[in-house]
Structures are given as structure tokens and as C-alpha cells.
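# Using only what follows, build the 3D model:
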Amino acid sequence: MADASMVGLMGRVTGTIGPGLVGEVIVRVRGGAEHFLAHPATATDRIEPGTVVTVVEYLPPRTVYVMAAYDS
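Residues are numbered from 1 along each chain as shown. Next up, the predicted model:
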């Protein structure tokens, strides 16, 4: 999958993302749902499980940088 096609996709956090933590998100892609290692787009953000996020950067093959899709 090309880098540009992952950017902008939405997913859900399944493992806490934050400073010093490598979290996990599940994203609907390629006709299914896949898990990716996740880092916060802003280094100081902490994103809890269940939060809906948007992919802002994709590093193949399984790493994404994300930010919360909605304000809390």
C-alpha cells in the first residue's frame, strides 16, 4: 500500500499511545482490519485505548503516527 493511501485513515487505539510508549491501533485497510504499532503525532500526547484516531504519517511496513480524531 502506498504511503499516501494510509494517511487520513481512521482507526481505534487498542494499546495506550504516549511519550516513551509504543502503542497499537487497528485500522480498516485493504478490505479488512489490521494492527499497526503507533506513536503520537505530537510527542507529548497520551492517547488511551478506545480513542478514535487519524493516521498522519505511515512508515512501512507496520508503523503509524496518529492524532485523536475528535476533541475530548
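# where do the strands sit along the protein?
Assignment of strands within the chain using DSSP state E yields the ranges 10-15, 23-29, 32-40, 52-59, 63-68.
# Nearest residue to T16 in space, please, no chain neighbours.
Spatial nearest neighbour of T16, excluding adjacent residues (C-beta to C-beta, 6 or more residues apart in numbering): G23 at 5.3 Å. Bear in mind the C-beta positions are built from the backbone N, C-alpha and C, glycine included.
# what do you get for A43?
Leaving aside its sequence neighbours, A43 sits nearest to P19 (C-beta to C-beta, 6+ apart; 6.2 Å).
# so what's that neighbour up against?
Residues near P19 by C-beta atoms under 8 Å, 6 or more residues apart in numbering: 40, 43-46.
# filter these to the buried ones?
By neighbour count, with 16 or more other C-beta atoms under 10 Å, these hold P40 as buried.
# follow-up on the earlier one: can you convert the strands of the chain into CSV and add a column each for mean pLDDT?
CSV is the format used below for these (pLDDT from 0 to 100):
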stretch, mean pLDDT
strand 10-15, 98
strand 23-29, 96
strand 32-40, 97
strand 52-59, 97
strand 63-68, 97
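# Angles on the backbone of the residue nearest to A43, please.
Per-residue torsions, P19: phi -60, psi 130 (degrees, to the nearest 10).
# For the residue in the chain sticking out farthest from the centre, give me phi and psi.
Distance from the C-alpha centroid of the chain, by C-alpha atoms, centre = their mean, peaks at G31 (17.6 Å). The phi/psi pair for G31 (degrees, to the nearest 10) reads phi 80, psi 10.
# No further queries at this time; thank you.
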